[in-house]
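> Provided below for reference: sequence and predicted model.
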Amino acid sequence: MTDPQPRKPLWKSLFQRLFLDPVDPTTTLLWAGICGLAAGLVGLVYNLLFKSFSAVASSIAGDIPAGISLSSPEADLSWQMRLVLPAAGAALAALLLLGFRKQTLRGPADVLEAVAITDGKIPMRPSLLKVIASLFAITSGGSIGREGPVALLGAMVASKIGQFGNFSPARLRILTGCGVAAGLSMAFHTTIGSALFVMEVVFGNFAPELFGPLVLSSVMATLVARFSFGSEPLFAVKQFDFFPSELPLYIFLGVFAGAVAPLFMKTLWRIDKIFKKAVPPLWIRLPLAGLLVGAIGIWCPQVWGNGSDTIRAITDQTFGWKILLVLFLLKPLATACMVGGGAPGGVFTPTLLLGACSGGILGSVFAKIWPWPHATPVEYALVGMGAVLAGTTHAPLTAIFVLFEMTLDYDAVLPLMISASVASLISKTLHADSIYTEPLSRQGIRTSKIPEAHLLSATLVRDVMRPLDEREAVLPTAHFADIADSFMNSTHKHLYVADAAGRFVGAIRLHDFKAIYHAGDEMRFLIAEDLIQRDFATASPDDRLSQILDRFLAQDCERLPVIEGAAERKLIGTVSKSDILNLYNREILQRRSFVASSVVPMDRRADPLLVEYRIETVSVPPGWIGKTLAELDLPGRFSVMVLATEEVAGTARIQHTPKPQEPLDADAMLVVLGNPAQIRKALAS
């Protein structure tokens, strides 16, 4: 009889429960606060670096008075400096990105994909590289937002913290989302708005397990921001006046913003397409974009930078409607050039500036024609910011709270609700994707409000395909009898035909073969080439699962052949509907068990039906080798279920449906579902 294990001290057990248990929701909440604090601190470092880089750029540009930004006409730069400075900064950013181009993130869509769809892992080197490159591009006058790099930094830091804590992919995604929320809070001082942005735009749902961690991380980052920069609102207004008679005007503003938002998005993507088609190399494309922004800046210097200084000038009533109109036309063009050139940065602040111009222009018009009491153009500019933001993000709730927290004026909420709701509705009608989901859609990744549906867009065929079984394919010269033997030894309804080099030729349908088989002996002189269906649907290893679902329906088959190379068309394996469904079901089980553990009270966790379950991939223990799953009876003995068997083929990990009567091999891996303690007990049996 073994000696009992000594009991751990209470403080050590409590510490392990709160900070080291990766499956407890309380642990997730506490680590979310840590992630928020860390993201706030790295955001603070970025702000300090931004000021330093800006000071260097100002000293290069000339003798600029303190407190005057490069985007201000008061900077009084020569036209040569206006032309060259953004191009020089963009060139430095391009050289930095080219140094590690194989590891460079493509843009905000990468963060969105990592948080909402894949495993939540953000690589460190390309993230830091992109952040440093953004400093060169933005401080030299590039028309791009700095909130993107700050959010990326927050996501990267939170992702690394989550990986250090050994969190499951579902919880790691949440922690990485907390980093995004914290980064935005640091940039805009918007605690609730940043959390809602991640829920509404990134995750696409308001699941209860998201709210607590996201808000806590945003609070921690906001505390860092307020301690460092004070608690003054980002865009202050002396007094916001709302008159009931203005209701039609704010509805019209919403309609206008709902039309402007899709135009802005289309401008971004069309110019991006033109740049990449006409000027493919980044080292030429990005400096050229900077040169174009510099040329625009000669006539309208306010287009430089992310736009926050220009927005403050608008709220201070510095600009008239003519300058607002020029900005309304040129700022989207300048931002589109930088995006098309490949500049690292965001579009959040440029979107706000476009909204401020839209609202300010309409406010000036309303002041001339509206006979009843009305607000000033500045107030319409603030509401326009929220309306265009709602139109581009398709997230009206986020836009309302973000603008409220930026102004800290409750009187602005009602007009914001009206205009933002109308703008979001109009924009969705005109343009299905938001400014953040469209890059994913262009890659074939369709986002969904259903969390599990993202899995099909994020998973490639190569991740679930099975290697080709030699019994599943015949040569084009195969005789009738050989084809019959192949069908007899198979449970599938199609037999693939490939030549001696492995090139896929087509498929033979069992239904067609049976008709010929029963037609008589005179038909049995046919060979495989005579029976081929040459237009049989295929899949590529790099296709996403969401892209091939329609092919299953069109072909009415259980499997699709996987073909490598457009020219070679080499048959390398198959992908089946059952494998896709198994993958989908495992994701549902993993997410549902996580949600259940988040909403069950702590005092009820002892109930066996409410204990959290986990999905783990384990090696076959020595005691299981040679035995079948039916003999082991894991569900009956340990309440552990084997969801799949896994094998490694090259660099791919291929999962198969478990076969209860098949002996287990020593090299196999098992994907199991169960309580962690029961899984350990089963493995030790």
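Looks like it came in fine.

> which residues of this structure fall in strands?
Using DSSP state E, the strands of the chain run over 466-467, 473-474, 494-498, 504-509, 559-564, 570-576, 614-619, 641-649, 652-656, 669-674.

> Buried deepest among these, which one?
Mean neighbours per residue, mean count of other CB atoms under 10 Å, is largest over the strands of the chain for strand 494-498, with a mean of 24. Using the backbone N, CA and C atoms, a C-beta is placed for each residue, glycine as well.

> Give me the angle between that one and strand 559-564.
20 degrees (axes from the mean of the first three to the mean of the last three CA atoms, to 10 degrees).

> how much distance is there from strand 494-498 to the middle of the chain?
In this view, strand 494-498 has its centroid 38 Å away from the chain centroid, taken as CA atoms, centre = their mean, to the nearest Å.

> Check which helices and strands that strand is in contact with.
strand 473-474, helix 480-488, strand 504-509, helix 510-517 (3 or more CB pairs under 8 Å, 6 or more residues apart in numbering; DSSP states H and E).

> Same list (these) but as CSV, adding distance to residue 681.
Compiled in CSV, these are given as follows (distance: least, CB to CB, whole Å):
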stretch, distance to residue 681
strand 473-474, 44
helix 480-488, 44
strand 504-509, 47
helix 510-517, 46
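
> right, and those - which one's nearest residue 45?
Taking CB to CB, strand 504-509 is the member of these nearest to residue 45, at 53.9 Å.

> The helices and strands packed on strand 494-498: which one's closest to residue 60?
Taking CB to CB, strand 504-509 is the member of these nearest to residue 60, at 59.5 Å.

> what's in contact with the closest one?
474, 476, 483, 493-499, 528-529, 531-536, 538, 561, 563, 569-571 (CB atoms under 8 Å, 6 or more residues apart in numbering).

> try stretch 418-428
By CB under 8 Å, 6+ apart, stretch 418-428 touches 247, 250-251, 253-255, 257-259, 261-262, 383-384, 386-392, 394-396, 399-400.

> Restricted to helices, list these.
247, 250-251, 253-255, 257-259, 261-262, 383-384, 386-392, 396, 399-400 (DSSP state H).

> Buried ones among those?
Buried members of these, counted by 16 or more other CB atoms under 10 Å: 250, 253-255, 257-258, 261-262, 383-384, 386-392, 396, 399-400.

> now the residue nearest to residue 60 when sequence neighbours are not counted: how far from residue 293?
Nearest residue to residue 60 in three dimensions, chain neighbours excluded: residue 85, at 7.2 Å (CB to CB, 6 or more residues apart in numbering). Counting by CB to CB, to the nearest Å, the gap from residue 85 to residue 293 is 10 Å.

> Between the two, which has more neighbouring residues?
When residue 85 and residue 293 are compared on other CB atoms under 10 Å, the one with more neighbours turns out to be residue 293, at 33 against 24.

> Contacts only, for residue 305.
Taking CB under 8 Å, 6+ apart, we find residue 305 in contact with 69-71, 138, 141-143.

> what sits in contact with each of residue 85 and residue 293?
Common neighbours of residue 85 and residue 293, using CB under 8 Å, 6+ apart, are residue 141.

> How about the contacts made by residue 282?
94, 97-98, 101, 342.

> Among the residues you listed, name the least confidently predicted one.
Minimum pLDDT across those is recorded for residue 101, with 53.

> ok so, going back, counting neighbours, which of the contacts of residue 305 comes out on top?
Most neighbours among the contacts of residue 305, by other CB under 10 Å: residue 143, with 36 neighbours.

> So that residue sits against residue 331, correct?
Yes. Counting by CB atoms under 8 Å, residue 143 touches residue 331, with 6.8 Å between them.

> So for those two, which residues contact both of them?
Common neighbours of residue 143 and residue 331, using CB under 8 Å, 6+ apart, are 303, 307, 350.

> Narrow those to those in helices?
residue 350.

> Looking at the shared contacts of residue 143 and residue 331, which gets the smallest pLDDT?
residue 307 (87).

> Skipping adjacent residues, who's closest to that residue in space?
That would be residue 353: by CB to CB, 6+ apart, it lies 3.5 Å from residue 307.

> Let me know the pLDDT of the one you found.
The predicted local confidence for residue 353 is 95.

> The closest residue to residue 502 other than its chain neighbours bridge partners, please.
Leaving aside its sequence neighbours, residue 502 sits nearest to residue 570 (CB to CB, 6+ apart; 4.7 Å). Note on residue 570: beta-bridge partners by DSSP bridges are residue 503, residue 564.

> what's the distance between residue 570 and residue 529?
Residue 570 is 18 Å from residue 529, by CB to CB.

> What is the neighbour count of residue 568?
Residues lying near residue 568 (other CB under 10 Å) number 12.

> shaky segments in the stretch 551-685 of the chain?
583-613, 648-655, 657, 660-661 (pLDDT under 70).

> please redo it, this time with the cut-off set to 90
The model of the stretch 551-685 of the chain has pLDDT under 90 over residues 551-559, 565-568, 576-685.

> before we move on, what about the stretch 301-450 of the chain?
In the stretch 301-450 of the chain (pLDDT under 90), the answer is 301, 305-309, 312-313, 315-321, 342, 344-346, 370-376, 407-412, 432-434, 436-450.

> need the helices for it, in chain order.
Here the stretch 301-450 of the chain has its helices, by DSSP state H, counting those that start in this stretch, at 308-315, 321-341, 348-369, 377-393, 396-407, 413-430, 438-442.

> Which of the residues in the shortest one are classified as buried?
Judged by neighbour count (16+ other CB under 10 Å), helix 438-442 contains these buried residues: 438-440.

> Nearest to residue 374 among these?
Checking the buried residues of helix 438-442 one by one against residue 374 (CB to CB), the nearest turns out to be residue 438, at 35.7 Å.

> give the contact list for residue 348.
Here residue 348 is in contact with 145, 147-148, 184, 389 (CB under 8 Å, 6+ apart).

> can you check residue 253 too?
Residues near residue 253 by CB under 8 Å, 6+ apart: 358-359, 362, 380, 383-384, 387, 419, 423.

> follow-up on the earlier one: would you list the shared contacts of residue 143 and residue 331 in TSV and tack on neighbour count?
As requested, the shared contacts of residue 143 and residue 331 are exported to TSV (neighbours: other CB atoms under 10 Å):
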residue	neighbour count
303	28
307	28
350	29
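
> Which single one of the shared contacts of residue 143 and residue 331 is nearest to residue 54?
residue 307 (14.5 Å).

> is it true that the closest one touches residue 355?
No. Contact status for residue 307 versus residue 355: not in contact, 10.3 Å apart, counting by CB under 8 Å.

> pretty sure residue 38 is touching residue 159, no?
No. Between residue 38 and residue 159 there is no contact under CB under 8 Å: 10.9 Å.

> between these two, which one's more packed in?
residue 159 (29 against 22).

> Which pLDDT value does the model give that one?
91.

> Skip the chain neighbours and tell me the closest residue to it.
Per CB to CB, 6+ apart, closest to residue 159 is residue 122, 4.1 Å.

> list the contacts for the one you found?
Contact analysis of residue 122 by CB under 8 Å, 6+ apart lists 111, 114, 152, 155-156, 159-160, 176, 179.

> State the distance from it to residue 566.
Using CB to CB, residue 122 is found at 32 Å from residue 566.

> just residue 49 next, same as before
Going from residue 49 to residue 566 by CB to CB gives 45 Å.

> Same question for residue 212.
49 Å.

> Between the two, which is the more surrounded one?
residue 212 (18 against 7).

> need the contact list for the residue nearest to that one when sequence neighbours are not counted.
Of all residues not flanking residue 212 in the chain, residue 29 sits nearest, at 5.5 Å (CB to CB, 6+ apart). Residue 29 is in contact with 212-213, 216, counting by CB under 8 Å, 6+ apart.

> Poorly predicted segments of the stretch 51-200 of the chain, please.
54-82, 96-127, 145-148, 162-174, 187-189, 199-200.

> Of the contacts of residue 253, which is the nearest to residue 519?
Nearest to residue 519 among the contacts of residue 253, with distances taken as CB to CB, is residue 423, at 66.0 Å.

> Please give the number of neighbouring residues around that closest one.
Residue neighbour count, defined by other CB under 10 Å, stands at 33 for residue 423.
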